[in-house]
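[1] Take this sequence and fold it.
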Amino acid sequence: MSPNHLIAHYAYAGWDFVALTDHWHATGPAEVTVTNTGTPHPVTVIRGIEVNTEDASTATGSTYHITGLGVDGPVARRTEGNGVPAAQWYVDAIRERGGLAVIAHPYWSGLTLRDFEGLHGYLGIEVYNADTDVHIGRGDASLLWDDLLTHGHNVLGIGVDDCHRPGYDSVRGWTVVRATDRSAEAILSAVRAGNFYASAGPEIINVQWDPGSNVINVECSPVRSITAVADGMKGARLNAGRFGASLGARRLRSASGRPEGVLEGELLTGAELHLTGRERYVRIQVEDANGHRAWTNPLFIARA
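    Below is the predicted model of the structure:
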């Protein structure tokens, strides 16, 4: 499918921006002539690329796939590594092109914590990849993400379609960015700063942390669970439903004082999550009635 047709597909779906990440080809606004097909505003096109290591250099004999967001041109294939591991070489090459390096579909690639030892300079990983999810159920990399965060890799989590066949693996995974405007520059600046969350369905409206009380307040679209995921055995969770339990969490209440999400089929639109203050990091994860999730980026808690 041409870039024009793909952008039109996402325009009809209501997308504000799309990063085009073809393998070994830096595709961007110059390749797109139609960005508005009857939608309220144009689709912002971000130039991107996807590269991969040539050798089976991971712990499981697989290869790294790495996307570059906002690159100013193509990334050449590695010939002479000068002793630099292949994955690091490509991360550095993307950054030299002004891009943000993201490790693509790490669960699908079979990457483990060992594969990230010594790797640096990348923004984060794809915590959700719709294409690899619908193919073989290996799209959710949140467990690997927690391993990385627990072991000191302060990386962010992106949500993507990785669309190869529009209508089959599209409009399933995305990233919501808090940008000052819809320009590519503003979007990339917000992504670089971590001002975004990943989603495969739910909307996270607001997350507010009070460091004095170690409480996080969450507002979201209707979901069946709201979780504060942290390192080790820490964290908090609120579940909806007649038998929905809670751990370190309080329910929202209606104007009449009735707690939310306690009846059969009733969902949650928020929670008050209580932390211990001893967490290394905490991230919010919500799951809707269909099992679709959304993930905030981690909050790193400074400890004396």
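[2] Tell me the confidence at the residue nearest to Y168 when sequence neighbours are not counted?
    The shortest distance from Y168 to any non-neighbouring residue, by CB to CB, 6 or more residues apart in numbering, is to V134 (6.8 Å). Just so you know, the C-beta spots here come from the backbone N, C-alpha and C atoms, and that holds for glycine as well. At V134, the model reports a pLDDT of 96.
[3] May I ask you to confirm that V134 belongs to a strand?
    No - checked against DSSP: H, G, I helix; E, B strand; the rest coil, V134 lies outside a strand; its state is helix.
[4] any idea how far stretch 143-160 is from the chain center?
    10 Å (CA atoms, centre = their mean, to the nearest Å).
[5] List the contacts of that stretch.
    With CB atoms under 8 Å, 6 or more residues apart in numbering as the test, stretch 143-160 has contacts from 102, 104, 106-107, 111-113, 116, 122-130, 141-142, 173-175, 191, 194, 196-200, 229, 231-232, 280-281, 283, 294-295, 297-298, 300.
[6] in it, what counts as buried?
    Across stretch 143-160, burial judged by 16 or more other CB atoms under 10 Å covers 144-146, 148-149, 153, 155-160.
[7] for stretch 97-108, same thing?
    For stretch 97-108, by 16+ other CB under 10 Å, it's 97, 99-108.
[8] Repeat that for stretch 208-221.
    Neighbour counts over stretch 208-221 (16+ other CB under 10 Å) mark 209, 214-216, 218, 220-221 as buried.
[9] Spatially, which two of the residues you listed are the most separated?
    Distance extremes for the buried residues of stretch 208-221: the farthest pair is N214 and S221 at 25.4 Å, using CB to CB.
[10] Format the buried residues of stretch 143-160 as a markdown table; extra columns: distance to R253, pLDDT and secondary structure.
    Listed next are the buried residues of stretch 143-160 as a markdown table, based on distance: CB to CB, whole Å; pLDDT from 0 to 100; DSSP: H, G, I helix; E, B strand; the rest coil:
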| residue | distance to R253 | pLDDT | secondary structure |
| --- | --- | --- | --- |
| L144 | 37 | 98 | helix |
| W145 | 33 | 99 | helix |
| D146 | 31 | 98 | helix |
| L148 | 37 | 98 | helix |
| L149 | 32 | 98 | helix |
| H153 | 39 | 97 | coil |
| V155 | 37 | 98 | coil |
| L156 | 33 | 99 | strand |
| G157 | 31 | 99 | strand |
| I158 | 35 | 99 | strand |
| G159 | 31 | 99 | strand |
| V160 | 37 | 98 | strand |
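[11] No further questions, thank you.
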